[in-house]
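Enquirer: Build me a model from this:
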Amino acid sequence: MSTKKRAYFGTDGIRGRANQHPMTAEVALRVGMAAGKLFMSQDARRHLVVIGKDTRLSGYMIEPALVAGFTSVGMDVRLFGPLPTPGVAMMTRSLRADLGVMISASHNGFADNGIKLFGPDGYKLSDERELEIEALMDQGLQEGLAAPTELGRVQRIDDSQARYVEIAKAAFPRGLSLAGLRIVVDCANGAAYKVAPAALYELGAEVIPVGVEPNGLNINDECGSTHPEAMARVVREYRADIGIALDGDADRVVICDERGQVVDGDQIMALIADHWAARDRLTGGGVVATVMSNLGLERFLQARGLKLERTQVGDRYVMARMREGGFNLGGEQSGHVILSDFSTTGDGLMAAFQVLAVLRESDRPMSALARQFEPAPQILENVRFAAGRPLENDKVKSAIAEAEARLNGSGRLVVRASGTEPLIRIMAEGDDEGLVSQVVREIAGAVKTAAA
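Expert: Next up, the predicted model:
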């Protein structure tokens with residue numbers, strides 16, 4: 001990862017409150033012009049960018065601004081409309097586009113929005129590539145504009161959702177069917193509100209959809225993977241076999257069993273890893289996860305002769321390590337699960353299909369599969385700050401150093417600034433729950449004092 005200060009891009013693209021810097025129409029226009037110039041080669045062919053979005057009201061502002069930027073430098077544009085982030089990544093490669101764009105703030109509320117970029121290979125751009133775009137954004141954008149006859153053309157792709165459904169279904173094992181299973185799927189009033197219920201139905205399930213009535217303002221609102229209690233309630237009400245909750249752009253998933261007990265991304269990765277390893281499908285000798293994944297997952301894998309490799313937070317860093325080490329399974333505790341045999345980024349629906357395959361093949365209830373390991377006590381606290389850099393405060397540094405000394409050998413501590421929100425995230429875990437709770441409380445107190 002580059003250490004150079006980034007002006008626009010964070011952990012996962014550009015993100016912010018809609019119609020406030022950096023998430024304005026002007027910045028979107030600059031992104032389109034700069035990225036378009038960077039990804040335009042010198043040959044005479046037409047160059048192509050594909051754009052998808054979730055269901056936020058502000059997408060109607062960001063999308064045309066991006067289109068104006070790309071077309072002004074001579075790039076043709078294909079618009080997908082609402083489509084999951086992994087679908088945009090797949091279609092970038094499938095349509096042989098030079099660049100892919102997803103307009104989404106993922107699990108954030110409707111008032112935020114974001115811009116994620118994918119290269120022609122369908123992978124998220126590297127830090128270095130993003131810095132190149134930033135440099136071009138702040139230069140004179142009047143340079144390199146297309147001649148009037150060379151402006152880009154725009155076309156809407158009406159069957160993009162149907163294409164993604166077929167690609168996603170291919171991740172479910174052939175010969176298996178979901179017939180006889182009653183499945184609740186919560187689409188968070190987001191990008192998967194049509195494709196997820198359709199894919200599950202076409203595979204044979206009885207589908208009970210939740211969060212499929214987007215109005216531009218209700219994405220992730222008391223629903224989806226960040227509010228799994230909504231899914232769990234409907235599972236119990238309808239006596240379903242399993243619940244699936246996606247986030248606003250459907251790149252993450254959490255699941256609950258028939259009793260409504262929720263399991264996170266760590267448990268999902270453990271279940272898939274164990275199932276794949278038993279069938280010689282797991283490559284790389286283990287799983288790639290981030291520093292936030294539970295110590296229990298690491299111990300679970302070690303007991304099976306598998307390793308857990310950790311990266312910094314961000315699914316693109318997980319994906320980069322997977323590519324380097326030949327792993328085909330990785331992800332984040334939050335529910336980003338990457339299956340590199342099928343996708344180039346986290347895909348909540350495809351991950352759910354793997355869990356459903358285990359459920360179908362085992363012929364056991366989900367409650368017997370959901371809890372693969374006993375998590376080590378882990379406490380996460382988010383402290384919001386208005387300005388400044390609390391982690392550079394001497395008292396905060398001292399509190400962190402003292403906590404690390406006390407946890408040495410018996411637990412882990414991760415303190416970091418969020419890449420998408422003005423938050424300091426404090427996570428500690430270990431076998432002594434009282435100690436874990438105490439160190440988090442003390443660091444949070446120091447951060448709050450520094451941020452006041």
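
Enquirer: Can you name the residues that contact residue 274?
Expert: 304, 372 (CB atoms under 8 Å, 6 or more residues apart in numbering). Where you see a C-beta, it was placed from the backbone N, CA and C, and this is true even at glycine.

Enquirer: Show me which positions of the helix or strand it falls within end up buried.
Expert: In the assignment (DSSP states H and E), residue 274 maps to helix 265-278. Along helix 265-278, these residues count as buried under the neighbour rule (16 or more other CB atoms under 10 Å): 265-277.

Enquirer: do stretch 115-122 as well
Expert: Neighbour-count burial for stretch 115-122, counted by 16+ other CB under 10 Å, picks out 115, 116, 117, 118, 119, 122.

Enquirer: ok, back up a step: what mean pLDDT would you report for the helix holding residue 274?
Expert: Helix 265-278 shows a mean pLDDT of 98.

Enquirer: Figure out how far it is from the centre of its chain.
Expert: Chain-centre distance of helix 265-278: 18 Å, with CA atoms, centre = their mean, to the nearest Å.

Enquirer: same deal with stretch 396-410?
Expert: The answer for stretch 396-410 is 30 Å, by CA atoms, centre = their mean.

Enquirer: Parallel or antiparallel, which strands does the helix or strand containing residue 50 pair with?
Expert: For residue 50, the host element (DSSP H and E) is strand 47-53. Take DSSP bridges as the rule and strand 47-53 pairs in its sheet with strand 75-82 (parallel), strand 99-103 (parallel).

Enquirer: Using CSV, list the CA coordinates for that strand.
Expert: Extracted in CSV, the C-alpha atoms of strand 47-53 (Å, rounded to 0.1, in the frame of the first residue of the first chain):
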residue,chain,number,x,y,z
HIS,A,47,-12.9,2.8,-25.3
LEU,A,48,-15.6,1.6,-22.9
VAL,A,49,-16.6,2.2,-19.3
VAL,A,50,-19.5,0.4,-17.5
ILE,A,51,-21.4,2.0,-14.6
GLY,A,52,-23.6,0.4,-12.1
LYS,A,53,-25.2,1.8,-8.9
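
Enquirer: still on that earlier bit, right, and the strands paired with strand 47-53 - which one's nearest residue 207?
Expert: strand 75-82 (18.4 Å; CB to CB).

Enquirer: Alpha carbons of the closest one, in CSV - could you do that?
Expert: Output of strand 75-82 as CSV, limited to C-alpha atoms (Å, rounded to 0.1, in the frame of the first residue of the first chain):
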residue,chain,number,x,y,z
MET,A,75,-15.1,7.1,-23.6
ASP,A,76,-18.2,5.2,-24.5
VAL,A,77,-20.5,4.4,-21.5
ARG,A,78,-22.8,1.5,-20.8
LEU,A,79,-25.2,2.0,-17.9
PHE,A,80,-26.5,-1.0,-15.9
GLY,A,81,-28.8,0.7,-13.4
PRO,A,82,-29.1,-1.0,-10.0
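
Enquirer: So for that strand, mean pLDDT?
Expert: The pLDDT scores in strand 75-82 average 98.

Enquirer: give me every residue that touches residue 137.
Expert: Listed by CB under 8 Å, 6+ apart, the contact partners of residue 137 are 8, 27, 30, 31, 33, 34.

Enquirer: Reformat the buried residues of helix 265-278 as a markdown table; add distance to residue 229.
Expert: Compiled in a markdown table, the buried residues of helix 265-278 are given as follows (distance: CB to CB, whole Å):
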| residue | distance to residue 229 |
| --- | --- |
| 265 | 17 |
| 266 | 19 |
| 267 | 17 |
| 268 | 18 |
| 269 | 22 |
| 270 | 23 |
| 271 | 21 |
| 272 | 24 |
| 273 | 27 |
| 274 | 27 |
| 275 | 27 |
| 276 | 30 |
| 277 | 32 |
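
Enquirer: All the helices of the stretch 301-450 of the chain, residue numbers only.
Expert: 315-325, 348-362, 394-407, 433-451 (DSSP state H, counting those that start in this stretch).

Enquirer: Go through the ones you listed and name the closest to residue 226.
Expert: The nearest among the helices of the stretch 301-450 of the chain, by CB to CB, is helix 348-362 at 12.2 Å.

Enquirer: Flag every buried residue along that closest one.
Expert: Applying 16+ other CB under 10 Å to helix 348-362 flags 348-360 as buried.

Enquirer: what sits opposite the closest residue to residue 413 other than its chain neighbours in the beta ladder?
Expert: Of all residues not flanking residue 413 in the chain, residue 428 sits nearest, at 4.9 Å (CB to CB, 6 or more residues apart in numbering). On the basis of DSSP bridges, residue 428 is bridged to residue 379, residue 413.
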